[in-house]
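# Attaching a predicted model along with its sequence, questions to come.
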Amino acid sequence: MRDFLLVAGLLAVPCSMSLNQYQPNPSVDSNDPRLLRLVQFFGDRDCPLKEAAADFLIAADQNHLDWRLLPSISMIESSGGKDFKNNNVFGWNSDRDSFPSVRLGIHFVASQLAKSKLYRGKNVEGKLLVYNPLPGYVARVKAVMHMLERDDRAVLAAD
């Protein structure tokens with residue numbers, strides 16, 4: 001029995017190590033208008049992902065993604081973290097995948113959207129069409145992205 005447990009433990013190490021590479025080290029300036037906007041956006045809707053606003057921005061910046069993309073997908077897929085399982089707030093892989101934490105899930109999905117063969121080199125609409133080809137999905141995500149953009153301009157104008 002001990003031999004089996006040792007082998008099982010060794011097999012689990014590479015998977016957890018590969019997920020840890022997405023753990024963020026950088027931080028976001030607390031005055032970044034995008035951070036203020038995301039916190040306000042999620043807060044106004046009583047979304048648990050308000051606490052992950054900085055992680056969304058870090059993941060987007062590290063992977064050269066539109067900062068609005070990941071939060072918008074999370075709003076469509078899990079109502080901003082209100083309805084999800086296995087730390088998968090994006091419904092990634094048709095909700096079959098699980099992540100050790102929401103933070104690692106954010107960074108993993110961001111990396112996939114930027115670097116995997118399926119998504120690399122595509123614009124936002126192209127990425128979304130691959131992500132979920134159902135009719136109307138792209139429009140729903142882009143509508144949330146536009147809400148974030150409009151409100152972001154209002155926050156900047158108020159400063």
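Nice, thanks for sending it over.
# what's the closest non-adjacent residue to D95?
Once flanking residues are discounted, D95 sits nearest to N88: 6.1 Å by Cβ to Cβ, 6 or more residues apart in numbering. Glycine gets a C-beta too; all of them are placed from N, C-alpha and C.
# Roughly how far does the one you found sit from P133?
Here N88 is placed at a distance of 19 Å from P133 (Cβ to Cβ, to the nearest Å).
# can you give me the helices for this structure?
For the chain, the helices defined by DSSP state H cover 2-20, 33-44, 53-62, 69-78, 102-115, 124-131, 137-158.
# now the angle from the fourth one to helix 124-131?
Using axes from the mean of the first three to the mean of the last three Cα atoms, to 10 degrees, the interaxial angle of helix 69-78 with respect to helix 124-131 works out to 40 degrees.
# got a list of contacts for helix 69-78?
Helix 69-78 has contacts (Cβ atoms under 8 Å, 6 or more residues apart in numbering) with 38, 41-42, 45, 47, 49, 53, 56, 59-60, 80-81, 84, 88-91, 106, 109-110, 113, 124, 127-128, 131, 137, 140-142, 144-145, 148.
# That's all I had, so thanks and see you.
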